[in-house]
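# coords please:
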Amino acid sequence: MDRATFASSTAFFRDFGNCPPGVFAGERVDFIDKPDSLGYSDFFRDYLVPNRPCVLSAAFTEGWGSRRAWVGRDGKPDFEHLLREFGDAAVPVAKCDLREYNSHPKEQLACREFLEYWREYIGNGHSSARGCLYLKDWHLSRAFPEHDGYTTPVYFSSDWLNEYWDAVGGDDFRFVYMGPKGSWTPFHADVFRSYSWSANVCGRKRWLLFPPGQEEFLRDARGDLPFDVTAPRLRAPAGRRRGRAPLEILQEAGEIVFVPSGWHHQVQNLEDTISINHNWVNGCNVAVMWRFLQDELAAVQRELSQWNEPVEDRHLQCQLLLKSCAGIDYEGFYRFLEVVGRNRASVLEKGPDAEGGAAGSGPGTLHALFDLQRAVEVLASLIANEDFRQLELSSLSPRPDVLLQRLESAVDAALL
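Numbers count the residues shown, from 1 in each chain. Below is the predicted model of the structure:
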């Protein structure tokens with residue numbers, strides 16, 4: 001991060017408060033053709049901070065091993081290679097013809113079984129008695145840590161989510177998707193209202209994106225969001241009420257779509273497609289994640305308040321339900337901020353360096369300072385939160401007030 005980007009980004013969040021604005025004024029999505037035309041600071045300033053979508057051309061993934069090894073000369077998936085490499089792995093597979101709440105039900109299959117199904121599905125004119133199956137949310141990089149399929153583009157390297165889960169173990173937010181023509185993902189916003197990036201190794205996708213707030217115009221009479229925004233009721237202008245039409249992206253092979261934080265979207269594979277997807281949070285949208293957790297907890301509390309029987313330790317039960325629904329509770333969020341905050345304070349303690357950093361061993365000094373300032377702001381808000389204060393804080397080490405003081409001191413020392 002360069003000094004001008006640090007100054008403008010810091011001013012942006014000071015002027016707009018903890019979260020970027022939810023309104024996207026543009027009617028188009030920027031397409032960046034040449035990698036040498038977009039530096040890290042450019043992407044940070046023009047897309048991450050204002051929360052704007054964009055598409056990176058196939059030139060950005062040209063050197064990936066997956067684009068050579070996973071794809072045949074015809075541009076289609078190389079099933080023989082995929083079977084040799086991954087055939088024995090267990091993979092999650094969604095049934096696109098069925099609905100389970102607001103998603104598709106999943107089952108675990110051997111990758112070999114899915115790939116053989118897929119090849120037969122293509123041979124049968126993209127149809128099968130088993131319906132349309134979609135391998136999705138597969139943690140391939142965790143299952144095959146030595147596999148050299150791709151490299152995370154530098155623009156997405158400030159990734160607190162995977163930094164945290166790599167440190168504590170047990171999870172990550174790096175996924176591979178493989179699906180036939182017609183497979184799709186229902187209308188949703190990403191986990192924790194994170195950013196996401198999605199790169200097509202082969203195939204084509206159609207994206208429909210709605211800026212934050214626009215999903216409210218799609219709710220039905222009960223207040224529920226749609227499962228499929230292409231349903232006839234919603235295709236008509238009257239079905240969208242006063243909302244705007246979605247932004248549409250046709251993503252080609254090799255291209256990367258950047259989905260901003262909190263944008264609802266729906267995705268369909270127009271061809272047989274393989275893609276690599278990451279979810280991530282950083283200093284630009286950590287406050288969006290915190291706001292999402294507060295909203296989710298409030299929804300849990302409303303639901304619990306309708307129970308007729310008294311609930312012992314209601315606040316603890318609410319935290320358990322929050323973790324079940326959202327994937328993390330307030331104590332987990334505190335640990336998340338602690339790990340990132342300590343890492344950034346450590347960078348600052350090592351002193352000034354060259355202002356690159358984002359592409360290699362970690363954030364440079366200015367980037368670390370920006371991150372730490374944002375973590376401190378959200379940590380202070382968490383500590384002041386009444387629901388957090390009801391927890392057994394004495395069991396936390398370090399204590400929240402001690403951690404906050406340490407991180408604030410690190411920021412003050414860096415600003416001297």
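
# number of nearby residues for residue 50?
A count of neighbours around residue 50, defined by other CB atoms under 10 Å, yields 17. Quick note: C-beta positions are derived from backbone N, CA and C, even for glycine.

# and for residue 89?
Tallying neighbours of residue 89 according to other CB under 10 Å, which is how burial is gauged here, yields 16.

# you'd agree it is up against residue 114?
No - no contact is recorded between residue 89 and residue 114 when judged using CB atoms under 8 Å, the distance being 9.8 Å.

# okay, now the residue nearest to residue 89 when sequence neighbours are not counted: neighbour count?
Distances taken as CB to CB, 6 or more residues apart in numbering put residue 111 closest to residue 89, at 4.5 Å, once the chain neighbours are dropped. Around residue 111 there are 22 other residues, counting by other CB under 10 Å.

# and residue 111, how close does it get to residue 178?
Spatial separation of residue 111 from residue 178 under the definition CB to CB, to the nearest Å is 9 Å.

# which neighbours do those two have in common?
82, 135 (CB atoms under 8 Å, 6 or more residues apart in numbering).

# now do the helices in the stretch 51-200 of the chain.
Defined through DSSP state H, counting those that start in this stretch, the helices belonging to the stretch 51-200 of the chain, from first to last, are 65-69, 79-86, 111-123, 140-143, 160-168.

# residue 330 is nearest to which of those helices?
Between residue 330 and the helices of the stretch 51-200 of the chain, the tightest spacing by CB to CB is seen for helix 160-168, at 15.0 Å.

# which helices and strands sit right next to that closest one?
The contact analysis (3 or more CB pairs under 8 Å, 6 or more residues apart in numbering; DSSP states H and E) places helix 160-168 against strand 273-280, helix 330-349.

# where does the prediction get shaky in the stretch 1-150 of the chain?
Flagging of the stretch 1-150 of the chain using pLDDT under 70 yields the residue ranges 16-26.

# and the strands in it?
For the stretch 1-150 of the chain, applying DSSP state E, counting those that start in this stretch gives strands covering 30-32, 54-56, 90-95, 106-110, 133-138.

# so what touches the second one?
In this case it means strand 54-56. 29-32, 35, 38, 47, 153, 155, 249, 251, 255-258.

# adjacent strands (with direction) for that strand?
Paired with strand 54-56 in the same sheet, following DSSP bridges, are strand 30-32 (parallel), strand 256-259 (antiparallel).

# winner for burial among those?
Burial among the strands paired with strand 54-56, expressed as mean neighbours by mean count of other CB atoms under 10 Å, is greatest for strand 256-259, which shows a mean of 23.

# how about the helices and strands packed on helix 160-168 in a markdown table, adding distance to residue 394 and mean neighbour count?
Rendered in a markdown table, the data for the helices and strands packed on helix 160-168 read as follows (distance: least, CB to CB, whole Å; neighbours: other CB atoms under 10 Å):
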| stretch | distance to residue 394 | mean neighbour count |
| --- | --- | --- |
| strand 273-280 | 32 | 23 |
| helix 330-349 | 12 | 20 |
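
# quick one: closest of these to residue 188.
When the helices and strands packed on helix 160-168 are ranked by distance to residue 188, counting by CB to CB, first place goes to strand 273-280 at 11.7 Å.

# sheet partners, orientation included, of the closest one?
Using DSSP bridges, the neighbouring strands of strand 273-280 in the sheet come out as strand 174-179 (antiparallel), strand 195-202 (antiparallel).
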